[in-house]
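Asker: My questions are about this predicted structure, shown below with the sequence.
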Amino acid sequence: MNDFALQDHEPWWVRYGVVIDRMVGCAGLLSILLGLLVLAILAGQALIRGWPRLTWVFLTSFPSRMAAQAGILSAWVGTAWVIVLCTLMAVPLGIMAAIYLQEYSGRRRLARLLEINIANLAGVPSIVYGLLGLGLFVRTLALGRSVLAGAATLALLILPIVILATREALKAVPGSLREGSYALGATRWQTVWHQVLPVAFPGVLTGVILAISRAVGETAPLIMIGALTYVAFLPQSLRDPFTVLPIQIFNWVSRPQQAFAANAAAGVVVLLFITLLMNALAIWLRQKYQQRT
Amino acid sequence: MKNVFSVADLSTGYGAKGVLQHVGVDIPERSITAIIGPSGCGKSTFLRCLNRMNDLAPDFHLQGKVLYRGQDIYQPKTDVIHLRRRVGMVFQKPNPFPKSIFDNVAYGLRIHGLRDQKIMKEKVHDSLVKAALWDEVKDHLGMSALRLSGGQQQRLCIARTIAVAPEVILFDEPCSALDPIATRSIEKLILHLKQEYTLVVVTHNLQQAHRIADYVGFFHLGELVEFAPVKQVFEHPSHTLTREYVAGMFG
């Protein structure tokens, strides 16, 4: 008669279903808190140690043998050069590649093969890209240890990420939208340009910005291609040597003097600030465009 | 009476799975042809053969002939873009573009090269009038089409199809996502459009086929079992299967 009478014969994971549910929830919350806590401690430490050094002079001075006079001017200018160039190279290429894979290739075998390889490329350690950059850009193409070589190496590194993110954004656009457009006699490109891309735009943008913020923090491949650790000038052209923020930080950390550690902490704060700013920009843009549609 | 479409010995499938077998049918102009049959019988696949929307499925294949005004539309040199302008399509779920009402209708005109804003406005107006939507939206053409009701969205989809001046309009279960009142208004509209266009309507709803169709094609397991004037299909079907289906014995 009464269904509740059956409870005695239920397995334990049914009987304690509610308890398990609550435990899973708690475990999830703890995981989040643990991750955030570690991050907060790291950021807090850097902030505390670096705070006294975070002055305008620090941002506008070249590195120096005297810790108190050293600054990050060449580092952040180098980072800006490299990132802007890297974006100009990787983003158009990545978006076009993703459009081809998602909208043109028609899910044939070749496309599937390419897709798997791109996903693998996104997981290749960055030092390997450094080796590639050294061999291809620095030596074979004879670009030397230049801004251009660095930017091209980082562009290769983030290209798979841009492709995958763009592809996900395109994939999320409902097929009915494409059908509606094709049924009116639109070509593929008209459909992509007028219907698919505007809808996918916030997603594409988010992916692109996250990829760029990854490039901002990359160190290993740039050390590999020979970005300098001590640069007391600003790059004037694409062929000039350069340094970037993470390398400057690495350089300071490896010094024995305590004073340089404070410089490193201050550099870390600047680097974190740049990445946080970019992520905030990504979120803001996504919100803005989602509200419009 | 002239035929708009002449389909002969049409067999299609997706990959290894066959969907249509040896379908042959002539679709007369300025009439409403309803395509009925149980789920999975190939109604939609058949409809999508008529404007080559199946091309979008990667492993679709087809044998046989589909003649539109005497021309084989599956010939390699067929201009699919042009074909789809002449043979428009309205889908099951209303799929307005996430743009303004005006831009939804203007989109088809723009992609076909219309630049003159005055003509554009006229054509958008005419299309919305023909789709019986003008009176409801004339004061907020700039509003997002996504804020319209389901029935209004479907009429907007009809309006944007009409805007590019097709000869044939294909409807893929146009009312199945709508409530009865919206369904009535779409049916009324379809009946009205018959004066100017050739209409092919896939429908799950037998009563709807009965109400609006001039001709009915009954599909079962990928074969066209019967194609005849509506009266004959519903009152004196020549096949047992048809009789059982229209009597509601299976579906």
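Answerer: Here it is on my side, so go on.

Asker: Residue B:167: what's it in contact with?
Answerer: By CB atoms under 8 Å, 6 or more residues apart in numbering or on different chains, residue B:167 lies in contact with B:4, B:29, B:86-87, B:197-198. The C-beta positions use only the backbone N, C-alpha and C, and glycine is treated the same way.

Asker: same deal with residue A:52?
Answerer: Contact analysis of residue A:52 by CB under 8 Å, 6+ apart lists residue A:262.

Asker: Please confirm that it is located within a strand.
Answerer: No: counting by DSSP: H, G, I helix; E, B strand; the rest coil, one finds residue A:52 to be helix, located in no strand.

Asker: Quick check: which ranges of the chain have low pLDDT?
Answerer: If you meant another chain, say so; for now it's chain A. Along chain A, the model assigns pLDDT under 70 to residues A:1-8, A:107, A:291-293.

Asker: Let me rephrase: I mean chain B.
Answerer: Within chain B, the set of residues satisfying pLDDT under 70 comprises B:1.

Asker: Quick one: name the residues of it near chain A.
Answerer: Applying CB under 8 Å from any CB of the partner chain, we find that chain B lies next to chain A at B:51, B:53, B:56, B:58, B:81-85, B:88-89, B:91, B:93, B:95-98, B:107-108, B:111-112, B:144, B:146, B:157, B:160-161, B:164.

Asker: Now list the buried members of the residues you listed.
Answerer: Among the residues of chain B next to chain A, those scoring as buried are B:51, B:53, B:81, B:83-85, B:88-89, B:91, B:93, B:95-98, B:107-108, B:111-112, B:144, B:157, B:160-161, B:164 (criterion: 16 or more other CB atoms under 10 Å in any protein chain shown).

Asker: now the helices for the stretch 51-200 of chain B?
Answerer: Secondary structure of the stretch 51-200 of chain B by DSSP state H, counting those that start in this stretch: the helices cover B:80-86, B:101-111, B:117-130, B:134-137, B:150-163, B:180-193.

Asker: Please tabulate those in JSON lines, including the columns distance to residue A:23.
Answerer: Output for those, formatted as JSON lines (distance: least, CB to CB, whole Å):
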{"stretch": "helix B:80-86", "distance to residue A:23": "56"}
{"stretch": "helix B:101-111", "distance to residue A:23": "50"}
{"stretch": "helix B:117-130", "distance to residue A:23": "58"}
{"stretch": "helix B:134-137", "distance to residue A:23": "53"}
{"stretch": "helix B:150-163", "distance to residue A:23": "43"}
{"stretch": "helix B:180-193", "distance to residue A:23": "48"}
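
Asker: from these, which stretch is densest packed?
Answerer: Highest mean neighbour count among the helices of the stretch 51-200 of chain B (mean count of other CB atoms under 10 Å in any protein chain shown): helix B:150-163, with a mean of 25.

Asker: count of residues packed around the nearest residue to residue A:111 once chain neighbours are set aside?
Answerer: Leaving aside its chain neighbours, residue A:111 sits nearest to residue A:105 (3.6 Å; criterion: CB to CB, 6 or more residues apart in numbering or on different chains). Residue A:105 is flanked by 16 other residues according to other CB atoms under 10 Å in any protein chain shown.

Asker: ok, now residue A:275?
Answerer: If you count neighbours by other CB under 10 Å, residue A:275 ends up with 15.

Asker: where do the strands sit along chain B?
Answerer: Remark: strands assigned in chain B by DSSP state E are B:3-14, B:17-28, B:32-36, B:60-68, B:71-72, B:87-90, B:168-172, B:198-202, B:215-220, B:223-229.

Asker: Report the strands that pair with the fifth one, each with its relative direction.
Answerer: Strand B:71-72 has the following sheet partners, assigned by DSSP bridges: strand B:60-68 (antiparallel).

Asker: Figure out how far the strand it pairs with is from the centre of its chain.
Answerer: The chain centroid and the centroid of strand B:60-68 are separated by 18 Å under CA atoms, centre = their mean, to the nearest Å.

Asker: okay, it in PDB with CA atoms only?
Answerer: Extracted C-alpha coordinates of strand B:60-68, given in PDB (Å, rounded to 0.1, in the frame of the first residue of the first chain):
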ATOM      1  CA  PHE B  60      23.300  13.700 -47.200                       C
ATOM      2  CA  HIS B  61      23.000  11.900 -50.600                       C
ATOM      3  CA  LEU B  62      20.400  11.800 -53.300                       C
ATOM      4  CA  GLN B  63      19.500  10.000 -56.400                       C
ATOM      5  CA  GLY B  64      16.700  10.800 -58.900                       C
ATOM      6  CA  LYS B  65      15.400  14.100 -60.200                       C
ATOM      7  CA  VAL B  66      13.800  17.100 -58.700                       C
ATOM      8  CA  LEU B  67      12.700  19.400 -61.500                       C
ATOM      9  CA  TYR B  68      11.800  23.000 -60.700                       C
END
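
Asker: And that strand, what's buried?
Answerer: For strand B:60-68, the buried set under the neighbour-count rule, 16+ other CB under 10 Å, comprises B:60, B:62, B:64, B:66-68.

Asker: do you know how far residue A:34 is from residue A:279?
Answerer: Distance from residue A:34 to residue A:279, counting by CB to CB, to the nearest Å: 20 Å.

Asker: Looking at those two, which is more packed in?
Answerer: Legend: neighbour count by other CB under 10 Å for residue A:34 and residue A:279, higher for residue A:279 (14 against 10).

Asker: nearest residue to that one other than its sequence neighbours?
Answerer: residue A:213 (6.1 Å).

Asker: element containing the one you found, please.
Answerer: Per DSSP states H and E, residue A:213 falls inside helix A:197-217.

Asker: Which parts of the stretch 101-250 of chain A are helices?
Answerer: Using DSSP H, counting those that start in this stretch, helices in the stretch 101-250 of chain A cover A:109-122, A:126-133, A:147-171, A:175-183, A:188-191, A:197-217, A:220-224, A:245-253.

Asker: Of all the ones you listed, which one is nearest residue A:90?
Answerer: Closest approach to residue A:90 among the helices of the stretch 101-250 of chain A (CB to CB): helix A:147-171, 4.0 Å.

Asker: Now residue 58: phi and psi?
Answerer: With no chain named, the answer covers chain A. Note on residue A:58: its backbone torsions stand at phi -60, psi -40 [degrees, to the nearest 10].

Asker: try chain B instead
Answerer: phi -60, psi -40.

Asker: quick one: buried residues of stretch A:182-195?
Answerer: For stretch A:182-195, burial by neighbour count (16+ other CB under 10 Å) applies to A:182-186, A:188, A:190-192, A:194-195.

Asker: er, stretch B:224-233 I mean
Answerer: Using 16+ other CB under 10 Å as the test for burial, stretch B:224-233 gives B:224-228, B:230, B:233.

Asker: go on, stretch A:211-226?
Answerer: Neighbour counts over stretch A:211-226 (16+ other CB under 10 Å) mark A:211-216, A:218-226 as buried.

Asker: Equivalent analysis for stretch A:246-253, please.
Answerer: Result for stretch A:246-253 [16+ other CB under 10 Å]: buried residues A:246-252.

Asker: just stretch A:48-56 next, same as before
Answerer: A:49-50, A:53-54.

Asker: now these as a markdown table including distance to residue A:19?
Answerer: Below are the buried residues of stretch A:48-56 laid out as a markdown table (distance: CB to CB, whole Å):
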| residue | distance to residue A:19 |
| --- | --- |
| A:49 | 45 |
| A:50 | 46 |
| A:53 | 52 |
| A:54 | 49 |
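
Asker: restrict these to contacts with chain B.
Answerer: Among those, none lies close to chain B by the criterion of CB under 8 Å from any CB.

Asker: tell me which of the residues you listed is nearest to chain B?
Answerer: residue A:54 (45.0 Å; CB to the nearest CB).
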